[in-house]
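Asker: Predicted model, plus sequence, below.
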Amino acid sequence: MTESQKPTGNFSFDEKLLPQAEMLEEKKSKRSLYIGIPKEADKYENRIILSPQAVKQLTEYGHQIAIESQAGIKSKWKDIDYTKSGAIIKSKREIFKADIILKVSPFNDDDIKLMVGNQLIISALHFNTQTSKKISALKQKKITAVAIELMKNAKGFNPFVQTINEISGILAINTASEYISNPETGKGILLGGITGIPAAKVIIIGAGTAGEYAARAATALGAQVKVFDNSISKLQNLKNTIGIQLFTSVLQKQVIIKALQTADVVVGALDATSDENNIIISEKMISSMKKGSVIIDLNIDNASCFASSKITHLGNPAFEKHGIIHYCVPNIASKASRTASIAISNNIFPILQRISQEKTSTNMIRNISEIRNGTYIYEGILTNQRLAKKFNIDYRDIDLLTAIF
């Protein structure tokens, strides 16, 4: 094989074994995608949805990637990193003419105005930040909108939520440590104890992925950790995974109240829920906590378990209420922008490849579970019951719309 014949890119195992002629035939059988990646309008969103490595492999397979200048700069990738990978730098207006538009943060009103219609858009949804105006605008343009936090595969697993929750859980403890040690806003104490001084007490509400990684990080620092969840199996798995003597409990009100009164840090890390009213920690319970304690709310974009929470951003991430520091940033993973961007890119890349194998949008919905489960608007029709309930508008079942039996 000559140098020019050698396959490039990080192909899968099966692709490496394919003869060159078969690889070319496989590429011919796929639909070429025109993908647009705008720069994030939210100045506190530091991530980008595709890494240069993913762009390189997509362009090698014949897909066209248009990216706005400086879109990757906050993840430490320059325009030249993308152009060397085969992307084309275009204006925001041109990017919003693409067949598929990808973003990390939700599309805003200005983004929607630039859309030409009948397009596929993929981004975070952030349920608590949605408005009826945005939903109506997407419907009018007959957009198919997919939320990455809803993209479950056939087994009910969401790779995006898994990886972002891992990052968020670790960052929750790192962030809490910064605030609790600050002598001006916090208590001026270490999260982990030292000889002769007891460690800080950390409560984690939720034993899912974010809760697990928060517990790992907190115990690694030497903190005293208590984890609450209503799933006994999750609590058992957590104890077995961490491998230390860990206090666990179901969500019993009196047990939580007692734990809160001595807590230094409380992390809200419940798995995603469809319930808007997910308050577990009331204002009265929060007011009973020690002054200077810290709440890190990882559920603020979905259904917070704290009555006193309100959405903040990385520019002004924390506020004080009842003498307790509240940190309620919906995109906390953006603090580790490079790691988070690579994690998201690794998960979106294979889905884009599968989209290219489908000839119609109906087939895409039928055959790609992640897209079907993540779709909240299909060709201008609302398909998400929770959004329909929130804004009191009609919705249709996605399976019925695409005639899946």
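Answerer: Right, received. Where do you want to start? Fair warning: this is a prediction, and the values are worked out from it, not measured in the lab. Residues are numbered from 1 along each chain as shown.
Asker: what's the neighbour count on Ala388?
Answerer: Using other CB atoms under 10 Å, Ala388 has 16 other residues around it. In this view, the C-beta of every residue, glycine as well, is placed from N, C-alpha and C.
Asker: Could I get the full set of strands for the stretch 151-300 of the chain?
Answerer: 201-205, 224-228, 247-249, 265-268, 294-297 (DSSP state E, counting those that start in this stretch).
Asker: Sheet-wise, list the partners of the first one with their directions.
Answerer: As defined by DSSP bridges, the strand partners of strand 201-205 come to strand 224-228 (parallel), strand 265-268 (parallel).
Asker: can you check the third one too?
Answerer: Using DSSP bridges, the strands paired with strand 247-249 are strand 224-228 (parallel).
Asker: Counting neighbours, which bits of the helix or strand hosting Ile342 end up buried?
Answerer: Counting by DSSP states H and E, the element that carries Ile342 is helix 337-355. Of all the residues in helix 337-355, those buried under the rule 16 or more other CB atoms under 10 Å are 337-349, 351-353, 355.
Asker: Output the contacting helices and strands for that helix.
Answerer: helix 52-60, strand 100-102, helix 159-181, helix 369-374 (3 or more CB pairs under 8 Å, 6 or more residues apart in numbering; DSSP states H and E).
Asker: which stretch of helix or strand covers Ile35?
Answerer: strand 34-37.
Asker: Could I get the buried residue list for that strand?
Answerer: Neighbour counts using 16+ other CB under 10 Å place Ile35, Gly36, Ile37 of strand 34-37 among the buried residues.
Asker: and the first one, what does it touch?
Answerer: To tie it back to what came earlier, the one meant is Ile35. Contacts for Ile35 (CB atoms under 8 Å, 6 or more residues apart in numbering) come out as Leu50, Leu58, His63, Gln64, Ile65, Ala66, Ala98, Asp99, Ile100, Ile101, Leu102, Leu352.
Asker: partner residues bridging it?
Answerer: Bridge pairing for Ile35 - DSSP bridges - gives Ile65, Ile100.
Asker: so how far is Arg93 from it?
Answerer: 16 Å (CB to CB, to the nearest Å).
Asker: Thr360 now?
Answerer: Counting by CB to CB - Thr360 and Arg93 are separated by 28 Å.
Asker: neighbours of Lys84, just the number please.
Answerer: Around Lys84 there are 12 residues (other CB under 10 Å).
Asker: Extract the CA atoms of stretch 376-394 and return them as PDB.
Answerer: The C-alpha coordinates for stretch 376-394 follow below in PDB (Å, rounded to 0.1, in the frame of the first residue of the first chain):
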ATOM      1  CA  TYR A 376     -39.000  17.700  21.200                       C
ATOM      2  CA  ILE A 377     -40.100  19.300  17.900                       C
ATOM      3  CA  TYR A 378     -40.500  17.200  14.700                       C
ATOM      4  CA  GLU A 379     -40.900  19.200  11.500                       C
ATOM      5  CA  GLY A 380     -42.600  22.000  13.400                       C
ATOM      6  CA  ILE A 381     -44.800  19.700  15.600                       C
ATOM      7  CA  LEU A 382     -44.200  19.700  19.300                       C
ATOM      8  CA  THR A 383     -43.600  16.100  20.500                       C
ATOM      9  CA  ASN A 384     -42.600  16.700  24.200                       C
ATOM     10  CA  GLN A 385     -45.300  16.300  26.700                       C
ATOM     11  CA  ARG A 386     -43.500  18.200  29.500                       C
ATOM     12  CA  LEU A 387     -43.100  21.300  27.300                       C
ATOM     13  CA  ALA A 388     -46.700  21.000  26.100                       C
ATOM     14  CA  LYS A 389     -47.800  21.000  29.800                       C
ATOM     15  CA  LYS A 390     -45.600  23.900  30.700                       C
ATOM     16  CA  PHE A 391     -46.900  26.200  27.900                       C
ATOM     17  CA  ASN A 392     -50.400  24.700  27.600                       C
ATOM     18  CA  ILE A 393     -50.100  23.800  23.900                       C
ATOM     19  CA  ASP A 394     -50.900  20.700  21.900                       C
END
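Asker: hmm, back to that, could I get the strands of the stretch 151-300 of the chain as CSV with mean pLDDT?
Answerer: Formatted as CSV, the strands of the stretch 151-300 of the chain follow (pLDDT from 0 to 100):
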stretch, mean pLDDT
strand 201-205, 97
strand 224-228, 95
strand 247-249, 94
strand 265-268, 97
strand 294-297, 98
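Asker: Using CSV, please lay out the ones you listed together with distance to His126 and mean neighbour count.
Answerer: Formatted as CSV, these follow (distance: least, CB to CB, whole Å; neighbours: other CB atoms under 10 Å):
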stretch, distance to His126, mean neighbour count
strand 201-205, 20, 27
strand 224-228, 25, 24
strand 247-249, 30, 15
strand 265-268, 16, 28
strand 294-297, 13, 29
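Asker: Looking at these, spot the one closest to Lys78.
Answerer: Ranking those by distance to Lys78, with CB to CB as the measure, places strand 294-297 first at 32.6 Å.
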